[in-house]
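In: below are the sequence and a predicted model; questions follow.
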Amino acid sequence: MHKIQEHNIFMESTNQTLGEFIIENQEEFQYSSGELSRLINSIRLAAKVVNHEVNKAGLVDILGSIGSDNIQGEEQQKLDVFANDTFIRTLTNREIVCGIASEEEDSFINIKGLKKENENKYVVLIDPLDGSSNIDVNVSVGTIFSIYRRVTPIGTPVKEEDFLQPGNKQVAAGYIVYGTSTMLVYTTGHGVNGFTLNPAIGTYYLSHPNMKFPEDGYIYSVNQGNFSQFNEGVKKYIQYCQADEDNRPYTARYIGSLVSDFHRNMIKGGIYMYPSTKSNPNGKLRLLYECNPMAFIAEQAGGKASDGKTRILDIDPTELHQRVPFFCGSKKMVDKAEEFLKEE
């Protein structure tokens, strides 16, 4: 018991807190004025509130559906709505962004200042609770966020073009995974760092500095229940993963929560795939809320993200809720998947 306590004290005394890390690395933020630092701090605060509610699931009436669909046509869970409201309220009340777009909202939200037009420079796009259908069975879920510098004049209302920017224009992106421990992982274009929440004192500590995808991996993550609907290139790649030769077959691991699958693959090495299907010819994942931020993190961690033929971060968005096929993970695995798709 004493050894465990000593270890915890050692970890807390040697690891930076998230707040300390943000302050120390603020010079890495382009156009740094402290605004982006406050923004990430606000996301940290909202994440702690959502984490607290997620951990109460099963004890209070927060499980299940609310009986309505979101703009995606997907059934909304109670925690979807709670997380969406929490992040929007936190970011709005602190007046540190000029606009928000959420996967759960029909359109973007223009945020006005209390006394004058909002003069903040950043917009946030967010998937408040990725994988929320897993909540009822106590499986890890997460939050994904993406931050851009607005392109319209400061002091004017935000427009759709502020959000419809290619992923290579992101100034920061990250995710929070609510699992056996709660972690916040993010990048500002200078590598990827992970912070684990100490629930006893509500503080995030730097636990995973300079996170990297292994160049190659042995895990493939895809919903094989859709196999009959995949195109031939994807089918052949899955069969390649299952072949009994050259350090294969690979291990199949699919949680059904993008944040959880991505997080595991970044640590252990692997590829996550959500390709197009006959019923979803453009794939199912949203470019702005899921693919762009995860692609930014993947590339900063030495990985790769593609729609099967094009770099995700180079795709020009045409609508807020646009969907694209998604192949993301260890570089050599994504390269090999692309080979099969190009052959087709």
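Out: Now that the structure is in, tell me what you want to look at. Given the structure is predicted, the values throughout are model-derived calculations rather than measurements.

In: wait, a helix at I23?
Out: Yes - assessed with DSSP: H, G, I helix; E, B strand; the rest coil, I23 lies in a helix.

In: and it, what does it touch?
Out: Shown in contact with I23 (CB atoms under 8 Å, 6 or more residues apart in numbering): S37. Glycine gets a C-beta too; all of them are placed from N, C-alpha and C.

In: for it, give me the pLDDT.
Out: Per-residue pLDDT puts I23 at 84.

In: check the spacing between it and P209 real quick.
Out: 16 Å (CB to CB, to the nearest Å).

In: what does R311 give?
Out: 26 Å.

In: just P275 next, same as before
Out: Here the criterion is CB to CB. By it, P275 lies 33 Å from P209.

In: run through who's touching stretch 238-255.
Out: With CB under 8 Å, 6+ apart as the test, stretch 238-255 has contacts from 131, 134, 139-140, 217-224, 227, 230, 261, 264, 270, 336, 340.

In: stretch 219-237 too?
Out: Under CB under 8 Å, 6+ apart, the answer for stretch 219-237 is 238, 241, 250-256, 261, 264-265, 268-279, 308, 329, 333, 336-337, 340-344.

In: quick one: end-to-end distance for it.
Out: Distance between the two ends of stretch 219-237: 13 Å, counting by CA to CA, to the nearest Å.

In: repeat that for stretch 156-167.
Out: End-to-end distance (CA to CA), stretch 156-167: 23 Å.

In: related to what we said a few turns ago, buried subset of the contacts of stretch 238-255?
Out: 131, 134, 140, 217-222, 230, 261, 264, 270, 340 (16 or more other CB atoms under 10 Å).

In: quick check: M266 touching N210?
Out: No - using CB atoms under 8 Å, M266 is not in contact with N210, being 12.0 Å away.

In: looking at the two, which is more packed in?
Out: Using other CB atoms under 10 Å, the more surrounded residue of M266 and N210 is M266, with 28 against 11.

In: in the helix or strand containing the more buried one, what's buried?
Out: Element membership of M266, judged by DSSP states H and E, is helix 258-268. Using 16+ other CB under 10 Å as the test for burial, helix 258-268 gives 258-266.

In: strands along the stretch 101-250 of the chain, start to end?
Out: Per DSSP state E, counting those that start in this stretch, the stretch 101-250 of the chain carries strands over the ranges 109-110, 122-130, 141-149, 170-178, 182-187, 192-198, 203-208, 219-221.

In: want to try JSON lines for those strands, with mean pLDDT as columns?
Out: Formatted as JSON lines, the entries for the strands of the stretch 101-250 of the chain read as follows, by pLDDT from 0 to 100:
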{"stretch": "strand 109-110", "mean pLDDT": "94"}
{"stretch": "strand 122-130", "mean pLDDT": "95"}
{"stretch": "strand 141-149", "mean pLDDT": "96"}
{"stretch": "strand 170-178", "mean pLDDT": "96"}
{"stretch": "strand 182-187", "mean pLDDT": "96"}
{"stretch": "strand 192-198", "mean pLDDT": "95"}
{"stretch": "strand 203-208", "mean pLDDT": "95"}
{"stretch": "strand 219-221", "mean pLDDT": "98"}
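
In: in a markdown table: the ones you listed, plus distance to N51.
Out: Formatted as a markdown table, those follow (distance: least, CB to CB, whole Å):
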| stretch | distance to N51 |
| --- | --- |
| strand 109-110 | 23 |
| strand 122-130 | 11 |
| strand 141-149 | 9 |
| strand 170-178 | 5 |
| strand 182-187 | 5 |
| strand 192-198 | 7 |
| strand 203-208 | 11 |
| strand 219-221 | 24 |
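
In: minimum distance to R286: which of the ones you listed has it?
Out: strand 122-130 (7.2 Å; CB to CB).

In: tell me which strands the closest one pairs with, and in which orientation.
Out: Strand pairing for strand 122-130, using DSSP bridges, gives strand 99-102 (parallel), strand 141-149 (antiparallel).
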